[in-house]
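# generate coordinates for the sequence data below:
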Amino acid sequence: MPKRCNAPPRHRSTSAAEQLASERDEALKQLSAASEVLKIISSSPGNLQPVFQAILANATRLCGAKFAGLSLYDGEAPRFVESYNVPPEYADMRLRRPSWRPHPRSGVAEVIRTKQPVQIDDIRTSPAYLEGDSRARDLADLGGARTLILIPMLKDDKLIGLVAIYRQEVRPFTDKQIALVQNFAAQAVIAIENARLLSELRESLDQQTATSEVLQVISSSPGELEPVFQAMLENATRICEAKFGTLFEFADGAFRALSNLNTPPALVDFNRKPRVWGPHTALGRLAHTRQTVHVEDALADRAYREDAGRKAAVQLSGMRTLLAVPMLKEDVLVGAITIFRQEVRPFTDKQIALVTNFATQAVIAIENTRLLNDLDTLNRQLEQRVADQVGEIERMSRLRRFLPPQVADLIVASGTEKQLESHRREITALFCDLRGFTGFSESADPEDVMALLRDYHAAIGEIIFKYGGTLERFAGDGVMVIFNDPVPIESPALQAVLMALDMRTAIGELIEKWRDLGHDLGFGIGIAHGFATLGTIGFEGRFDYAAVGTVSNVASRLCDEAKSGQILISPRVRQAVEKAVTVEPVGEFALKGIRRPMGAYNVLAPSTSKSN
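Sure, this is the predicted structure:
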């Protein structure tokens, strides 16, 4: 029979500096590979093929194998779905017969029975091969496989697929290599679950955004669990319409709160110390069954009557309906995510599935953090090398500033520039510049001009990022910002006006500073709303993202007409924001390039009424 793999022991050798460095490098490669897969999951929601390819490629490379394959299992028969570097003759056979019934003594059958990893030292001596199983013979004779490992993909202890890694020589895989592929298999399950959720809840952009956001936080915060936990609780409570939430760790039979969101302070204090919950409480049942617990009404639950701790928690928080989802690592309970409503209203199956997915992601984040901490412990003497790598990443990130961040992110997320081709969209355009800048630049030293521009650009750049605007271009002191493209946003006109108010305040402070230096400058803004043609313009080696149309011209002309401190808006903008800000009419202007005079309004301040 094939050999079932034991769980890899935790072992760290410190016998020699070379061994330490080798282990550290290996851990760094594993962490980098896991991070790469998470980034692909984050940037390809619903698209499993690039995720599976990344998993198989990294597993094959890091394990010193020749080729790999991934199959899904529906409870009846495995179905081959993805491969990496498979020999052509064997690949052709698998494409002709993607689904198959495994031989009862094959490694696949053993995985289906036990849901445990299986290693076959030499397929040519395996029972299935010796008994004439066509799959085993094709694998050995056409694919040249000898040693292989089969790793189950499990969701809630249910087999949904398996990852197979093959060598073309007889050389067993190590426990660390098996553990690495197990982590990749867990990531494949995450990707499959994400794809299922996105397919089922495609109408809910909110849930898609929440899942993507948590994955991005995991990817961008290695070693930092609190931001990950907070993102999970925030999204879980918001999307599931819960009042508050708590994430617990589980150790030595007790639960201790690690992170809270909107939890009543009295309950935060109550959960601060490790607590063993009674067998009839939600967390007590979860610890015993490793299953999700859904309590529709805490006051009617048996635990409220019989468990003093549960009764105190209910009274301190006012909880009524609660959901507790286990965080499991290889069927070992490591924690739980709990969310609460203060009214009796059960959670839906889709909401429970979403929180379950967050719980799985939390385990991945914890495991990544453990790997990072182990990496740090293995060799602190190699710290400079890690710092140099981080510095390189930061340098690459700074280069992204030469493109509007939204445009750069869209290219990275989609993997194609098709969405940046010329298209028509309704946008809000904002143009701003400094009054008196031309005269100042002609009379001032170039160093003073550049220093002033740096302060000016830094101030408005921070505000542009804050409000989600797309920086269309810098042109000396002139700045063009658009809203609602390439990323759609709600109420683009209002966002532009609110951003303009912040800009006026920030630049007003700079103007006072410049005045003390003898520079007489002012600041004006023009805002318009309408349709424009957008896309990339330029030539090979240098492209920019631009908005072309009357709306851009109107914003620029209004800016030209604005006096220092004025924010001039078009009638369409005024109609969109009239409940949010106070304005004053400033008459009509004959704008260059516009056939008829246009009325304009100066924005004074945010409205004291919040009706908008």
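
# neighbours around Ala179, how many?
18 (other C-beta atoms under 10 Å). Where C-beta positions appear, they are placed from N, C-alpha and C, glycine not excepted.

# what helix or strand is it on?
If you go by DSSP states H and E, Ala179 is part of helix 175-200.

# tell me which other helices or strands that helix touches.
helix 17-43, helix 48-62, strand 147-155, strand 158-167, helix 205-220, helix 349-378 (3 or more C-beta pairs under 8 Å, 6 or more residues apart in numbering; DSSP states H and E).

# who wins for proximity to Ile123 among the ones you listed?
strand 147-155 (6.4 Å; C-beta to C-beta).

# and the angle from that closest one to helix 175-200?
Between the axis of strand 147-155 and that of helix 175-200 there is an angle of 40 degrees, by axes from the mean of the first three to the mean of the last three C-alpha atoms, to 10 degrees.

# packing partners for strand 147-155?
Partner elements for strand 147-155 (3+ C-beta pairs under 8 Å, 6+ apart): helix 107-114, strand 118-120, strand 158-167, helix 175-200.

# now render the ones you listed as JSON lines, adding distance to Asn368 and mean pLDDT.
Below are those laid out as JSON lines (distance: least, C-beta to C-beta, whole Å; pLDDT from 0 to 100):
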{"stretch": "helix 107-114", "distance to Asn368": "26", "mean pLDDT": "94"}
{"stretch": "strand 118-120", "distance to Asn368": "25", "mean pLDDT": "96"}
{"stretch": "strand 158-167", "distance to Asn368": "19", "mean pLDDT": "94"}
{"stretch": "helix 175-200", "distance to Asn368": "9", "mean pLDDT": "84"}
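
# where does the stretch 201-350 of the chain dip in pLDDT?
201-211, 214, 218, 221-223 (pLDDT under 70).

# at 80 what do you get?
201-225 (pLDDT under 80).

# sorry, back to before: check which residues of the helix holding Ala179 are buried.
176-195, 197-198 (16 or more other C-beta atoms under 10 Å).

# for stretch 590-608, same thing?
Buried residues in stretch 590-608, counted by 16+ other C-beta under 10 Å: Leu591, Met598, Ala600, Tyr601, Asn602, Val603.

# and of the residues you listed, the nearest to Ala500?
Nearest to Ala500 among the buried residues of stretch 590-608, with distances taken as C-beta to C-beta, is Val603, at 6.7 Å.

# tell me which element the closest one is part of?
strand 598-606.

# and Val554, by the same measure?
Counting by DSSP H and E, Val554 is part of helix 550-561.

# what sits up against the next helix or strand after that helix?
Sequence order places strand 567-569 as the next helix or strand after helix 550-561, per DSSP H and E. By C-beta atoms under 8 Å, 6 or more residues apart in numbering, the surrounding residues in contact with strand 567-569 are 497, 500-501, 504, 524-528, 558-559, 561-562, 577, 583, 586, 600-603.

# please apply the same query to stretch 338-347.
Under C-beta under 8 Å, 6+ apart, the answer for stretch 338-347 is 233, 236-237, 240-248, 282-283, 294, 296-297, 317-325, 355.

# pull out the buried positions in that stretch.
Buried, per 16+ other C-beta under 10 Å, within stretch 338-347: Thr338, Ile339, Phe340, Arg341, Phe347.

# isn't there a strand covering the second one?
The reference is to Ile339. Yes. Ile339 sits within a strand when classified using DSSP: H, G, I helix; E, B strand; the rest coil.

# what residues are bridge-paired with it?
Ile339 has these beta-bridge partners by DSSP bridges: Gly245, Leu323.

# which one of the buried residues of stretch 338-347 sits closest to Phe474?
So of the buried residues of stretch 338-347, ranked by how close each gets to Phe474 (C-beta to C-beta), first place is Ile339, at 45.0 Å.

# distance of that closest one from His294?
Ile339 sits 11 Å away from His294, going by C-beta to C-beta, to the nearest Å.

# please enumerate the shared neighbours of those two.
Leu322, Leu323, Phe347.

# so the last one is in which element?
Looking back up the chat, that one is Phe347. Per DSSP H and E: nothing holds Phe347, as it lies in no helix or strand.

# look up how far Asp448 lies from it.
Taken as C-beta to C-beta, the span from Phe347 to Asp448 is 62 Å.

# Ala164 too?
Counting by C-beta to C-beta, the gap from Ala164 to Asp448 is 67 Å.

# and what of Ser422?
Ser422 is 41 Å from Asp448, by C-beta to C-beta.

# so where's the stretch 351-500 of the chain uncertain?
Using pLDDT under 80, the stretch 351-500 of the chain drops low at 367-421, 473-474.

# shouldn't Ala266 be in contact with Ser317?
Yes. If you go by C-beta atoms under 8 Å, Ala266 and Ser317 touch, sitting 7.3 Å apart.

# contacting residues around stretch 433-446?
449, 452, 456, 476-479, 519-524, 559, 563-564.

# 7 Å instead, please
Val449, Tyr456, Asp477, Gly478, His519, Asp520, Leu521, Gly522, Phe523, Gly524, Cys559, Ser564 (C-beta atoms under 7 Å, 6 or more residues apart in numbering).

# stretch 585-594 now?
Asn553, Val554, Arg557, Glu561, Leu568, Pro597, Met598, Gly599, Ala600, Tyr601, Asn602.

# residues in contact with the first one?
For Asn553, the contacting residues are Gly593, taking C-beta under 7 Å, 6+ apart as the criterion.

# distance of it relative to Leu494?
Asn553 is 22 Å from Leu494, by C-beta to C-beta.

# in the host helix or strand of Glu509, what counts as buried?
Taking DSSP H and E as the definition, one finds Glu509 inside helix 492-516. Neighbour counts using 16+ other C-beta under 10 Å place 492-504, 506-507, 510-511, 514 of helix 492-516 among the buried residues.

# which strand or helix spans Arg94?
Arg94 belongs to helix 88-96 when assigned by DSSP H and E.

# quick one: average pLDDT of that helix?
Helix 88-96 carries an average pLDDT of 82.

# so how far is Gly469 from the residue minimising distance to the centre of the chain?
In the chain, the centroid-proximal residue (C-alpha atoms, centre = their mean) is Gln216; its distance is 2.1 Å. As judged by C-beta to C-beta, Gln216 and Gly469 stand 21 Å apart.

# compare Ala266 and Ser317 (neighbour count), which wins?
Ser317 (23 against 13).

# and Pro87, how close does it get to Ala68?
12 Å.

# who has more neighbours out of those two?
Ala68 (27 against 18).

# helices or strands up against the host helix or strand of that one?
Per DSSP H and E, Ala68 falls inside strand 67-73. In terms of contacts (3 or more C-beta pairs under 7 Å, 6 or more residues apart in numbering; DSSP states H and E), strand 67-73 is packed against helix 48-62, strand 78-84, strand 158-167.

# again, only using 10 Å
Using 3 or more C-beta pairs under 10 Å, 6 or more residues apart in numbering; DSSP states H and E, the elements in contact with strand 67-73 are helix 48-62, strand 78-84, helix 88-96, helix 107-114, strand 147-155, strand 158-167, helix 175-200.

# helix or strand right after whichever strand or helix holds Glu442?
Per DSSP H and E, Glu442 falls inside helix 437-443. With elements assigned by DSSP H and E, the helix or strand that comes after helix 437-443 is helix 446-467.

# buried ones in that following helix?
Val449, Leu452, Leu453, Tyr456, Ala459, Ile460, Ile463, Ile464, Tyr467.

# quick check: nearest residue in space to the second one, chain neighbours excluded?
If I follow you right, that is Leu452. Excluding its sequence neighbours, the residue lying closest to Leu452 (C-beta to C-beta, 6 or more residues apart in numbering) is Trp514, at 6.7 Å.
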